[in-house]
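Asks: fold the following and give me the result.
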Amino acid sequence: MLEACIFFTILCGFFGIIFKKNLVMKIISMDIMSTGVIAYYVLIASLDGLFTPIEDETKNVAYSDPVPQAVILTAIVIGFSIQALMLVGVMKLAKNNPTLETSAIEENNTPS
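Replies: The predicted model follows:
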C-alpha cells in the first residue's frame, strides 16, 4: 500500500511536469516527483531493518543500513540547489516576459 502511494506521488509529479504550462508549477511538480523518488529509496533501504546500527549484544534485531541515509541527505541537498537554480532562471525570464506560460514565452522569444 505504501509503495502504491509513493508511486502515485511520482506519477503526479511526472504528469505535472508534462501537462502544466506554467514554469513555477513545473518546478513544483519536479519537487513533488523528487520527493516521491526519495521516499521510495528510503522505503527500499528500510526493508532490512528499522533500528539504528548500534552494537548491543542483548538484542538480535535487523539493523538498517546507514549508507542510504547519507545518500538521501546528499540527494535532498542537490535537489534543493537545483530547485533554487531553476527559480532564478524563472525570475530572469519573468523580467522580460509578462507571463510564465511556456507558450507565451516561446512566442515572445521566437525570431521573426
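
Asks: the helix ranked longest in the chain: how far from the chain's middle?
Replies: Taking DSSP state H as the criterion, the chain has its longest helix at helix 66-96. Taking C-alpha atoms, centre = their mean, to the nearest Å, the mean C-alpha location of helix 66-96 is offset from the chain mean by 9 Å.

Asks: counting neighbours, which bits of that helix end up buried?
Replies: 72, 79, 86, 90, 93 (16 or more other C-beta atoms under 10 Å). (Glycine included, C-beta is placed from N, CA and C.)

Asks: where does pLDDT dip in this protein?
Replies: For the chain, the stretches with pLDDT under 70 are 50-59.

Asks: again, only this time at 80
Replies: In the predicted model, the chain carries pLDDT under 80 at residues 46-66, 108-109, 112.

Asks: can you give me the helices for it?
Replies: Counting by DSSP H, the helices of the chain are 2-19, 23-45, 66-96, 102-109.

Asks: do you know which of these lies nearest residue 60?
Replies: Nearest to residue 60, of all these, is helix 66-96, at 19.1 Å by C-beta to C-beta.

Asks: pretty sure residue 46 contacts residue 64?
Replies: Yes. Residue 46 lies in contact with residue 64 (C-beta atoms under 8 Å); the separation is 5.6 Å.

Asks: which one of the two has more residues nearby?
Replies: More neighbours surround residue 64 than the other of residue 46 and residue 64, with 17 against 13 (other C-beta atoms under 10 Å).

Asks: how about the nearest residue to that one, chain neighbours excluded?
Replies: Spatially, and ignoring its direct neighbours in sequence, residue 64 is nearest to residue 49 (4.9 Å; C-beta to C-beta, 6 or more residues apart in numbering).

Asks: which residues touch the one you found?
Replies: By C-beta atoms under 8 Å, 6 or more residues apart in numbering, the contact list for residue 49 reads 61, 62, 63, 64.
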